[in-house]
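**Student:** Take this sequence and fold it.
(4 chains)
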Protein chains: 2
Amino acid sequence: MSNHEESGAVPGGMAPLTADGLETRLRDAGLRPTRQRVALGMLLFGSGDRHVTAEDLHAEAVTAGESVSLATVYNTLHQFKGAGLLREIAINGQRAYFDTNTSNHSHFFVEKAGTLMDIPADGIRIDGLPEPPPGMRISHVDVVVRLVKA
Amino acid sequence: MSNHEESGAVPGGMAPLTADGLETRLRDAGLRPTRQRVALGMLLFGSGDRHVTAEDLHAEAVTAGESVSLATVYNTLHQFKGAGLLREIAINGQRAYFDTNTSNHSHFFVEKAGTLMDIPADGIRIDGLPEPPPGMRISHVDVVVRLVKA
DNA sequence: ATTTGTGCAAATCGTTTGCATCTGA
DNA sequence: TCAGATGCAAACGATTTGCACAAAT
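**Tutor:** A predicted model of the protein is given here:
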């Protein structure tokens, strides 16, 4: 199937993702579409926005019958991040989360369960940000709304 | 010296802190004022608002001639946090920072240097926070403004 | 005297790295 | 062919834990 879809579309988007489309996307990012990268990419970008840890993704891949090592999962996540396909989310000093939604948005974090949820980008507005110190610029603003049982 | 000062005052405040005052504060929090806890407390609360890692604080204590083990520094930081004297700040997946300013405020984080700075509480306003999911309440909103060299 | 805290070193957890082997262009 | 990718296992850094000893009430 020489299905050539919109490979430039939003990574975490809703359009059905084909292996071909993903391969093109990887190639465009300067990454060889290896078996592992395609498999992980399909898991990540094949179904809406996702928040995964390296272990989550590794477990999924194994469950899906793909043999990938945990080290490769880490490598791949960081490469995807470098290519702008993923964003890393800083929640706490332990687990690193990767978000397939690279647009500007905030998160709910359920403390006890350790689950992450998107807050629609336009749901939150931040006013009154002070000037950054001289010689610095703001690279990004992280907003995490922490939730506990009521 | 039966010096009984305002031990209920703001922990990271500007008032000169005495060992006596701190001991009272610890006792009120249900923590025995041991030598180590008092020493660490004086370092933490004795001079304005601070952002420290466990290692920072341990190094300071050792430099100050107090013998405290790193494990005890960790224990103490968590106990202080539990007592509401400190707040833990989630920056990235590695080092944990503890902030002596427990009031609501945001932070600048200098990516490369790993330094943290307060942004005055009233400098930032967040609007449009969505309702938390049913059964949940917002415990706290973390805002981290990440800075890089311009 | 009893309870609570401390220190050390070993254990743990998530993550990274070195290196030999394999794979894709 | 041959740069680039993978897998394994060992290395790592931050944090935690188990347990014998010490200090506080």
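**Student:** Next, residue A:73: secondary structure please.
**Tutor:** helix (DSSP: H, G, I helix; E, B strand; the rest coil).
**Student:** Mind listing the residues bridging to residue A:142?
**Tutor:** Residues in a beta bridge with residue A:142, per DSSP bridges, are residue B:144.
**Student:** Show me which residues of the worst-scoring helix or strand of chain A on mean pLDDT are buried.
**Tutor:** Ranking every helix and strand in chain A by mean pLDDT, DSSP states H and E puts strand A:125-127 at the bottom, with a mean of 85. Neighbour counts using 16 or more other Cβ atoms under 10 Å in any protein chain shown place residue A:126 of strand A:125-127 among the buried residues. In short, each C-beta sits where N, CA and C put it, glycine included.
**Student:** Quick check: neighbours of that strand in the sheet, parallel or antiparallel?
**Tutor:** Counting by DSSP bridges, strand A:125-127 is paired with strand B:125-127 (antiparallel).
**Student:** quick one: the partner strand to chain centroid distance?
**Tutor:** 24 Å (Cα atoms, centre = their mean, to the nearest Å).
**Student:** Ok, stretch A:86-96 next?
**Tutor:** The answer for stretch A:86-96 is 11 Å, by Cα atoms, centre = their mean.
**Student:** start to end distance for it?
**Tutor:** 12 Å (Cα to Cα, to the nearest Å).
**Student:** for stretch A:105-124, same thing?
**Tutor:** End to end - Cα to Cα - stretch A:105-124 spans 8 Å.
**Student:** and if you look at stretch A:116-132?
**Tutor:** 29 Å.
**Student:** any residues touching the helix or strand containing residue A:116, and which ones?
**Tutor:** For residue A:116, the element it lies in under DSSP states H and E is strand A:115-119. Residues outside strand A:115-119 that contact it (Cβ atoms under 8 Å, 6 or more residues apart in numbering or on different chains) are A:49, A:51, A:89, A:91, A:97, A:99, A:101, A:105-110, A:143, A:145, B:129-130, B:133.
**Student:** For the buried ones among the residues you listed, write the corresponding PyMOL selection.
**Tutor:** Buried members of those can be picked out in PyMOL with the line below, counting by 16+ other Cβ under 10 Å:
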select buried, (chain A and resi 49+51+89+91+97+99+101+105+106+107+108+109+110+143+145) or (chain B and resi 129)
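**Student:** Which ones among the contacts of strand A:115-119 lie within strands?
**Tutor:** Among the contacts of strand A:115-119, the members falling in strands (DSSP state E) are A:51, A:89, A:97, A:99, A:106, A:107, A:108, A:109, A:110, A:143, A:145.
**Student:** from these, which single one is nearest DNA strand C?
**Tutor:** residue A:97 (7.9 Å; Cβ to the nearest atom of the strand).
**Student:** List the residues that contact that closest one.
**Tutor:** Applying Cβ under 8 Å, 6+ apart, the residues near residue A:97 are A:51, A:52, A:53, A:88, A:89, A:91, A:116.
**Student:** Spatially, what comes nearest to the fifth one if we skip its sequence neighbours?
**Tutor:** Taking Cβ to Cβ, 6 or more residues apart in numbering or on different chains, and ignoring the residues beside it in sequence, residue A:89 has residue A:97 as its nearest neighbour in space, at 4.3 Å.
**Student:** Mind pulling up the pLDDT for that neighbour?
**Tutor:** Note on residue A:97: pLDDT of 93.
**Student:** And residue A:110, by the same measure?
**Tutor:** So residue A:110 comes in at 90 (pLDDT).
**Student:** what's it in contact with, if anything?
**Tutor:** A:116, A:117, A:147, A:148, B:136.
**Student:** picking up where we left off before, DNA strand D next: which of the contacts of strand A:115-119 are close?
**Tutor:** Near DNA strand D, judged by Cβ under 7 Å from any atom of the strand, there are no entries from those.
**Student:** which bits of chain A sit near DNA strand D?
**Tutor:** Going by Cβ under 7 Å from any atom of the strand, the residues of chain A near DNA strand D are A:31-32, A:34-37, A:67-69, A:71-72, A:75-76, A:93.
**Student:** now do 10 Å
**Tutor:** For chain A, the residues in contact with DNA strand D (Cβ under 10 Å from any atom of the strand) are A:26, A:29-40, A:58, A:61, A:66-76, A:79, A:92-94.
**Student:** Can you pull out the low-pLDDT segments for chain A?
**Tutor:** A:1-15, A:93 (pLDDT under 70).
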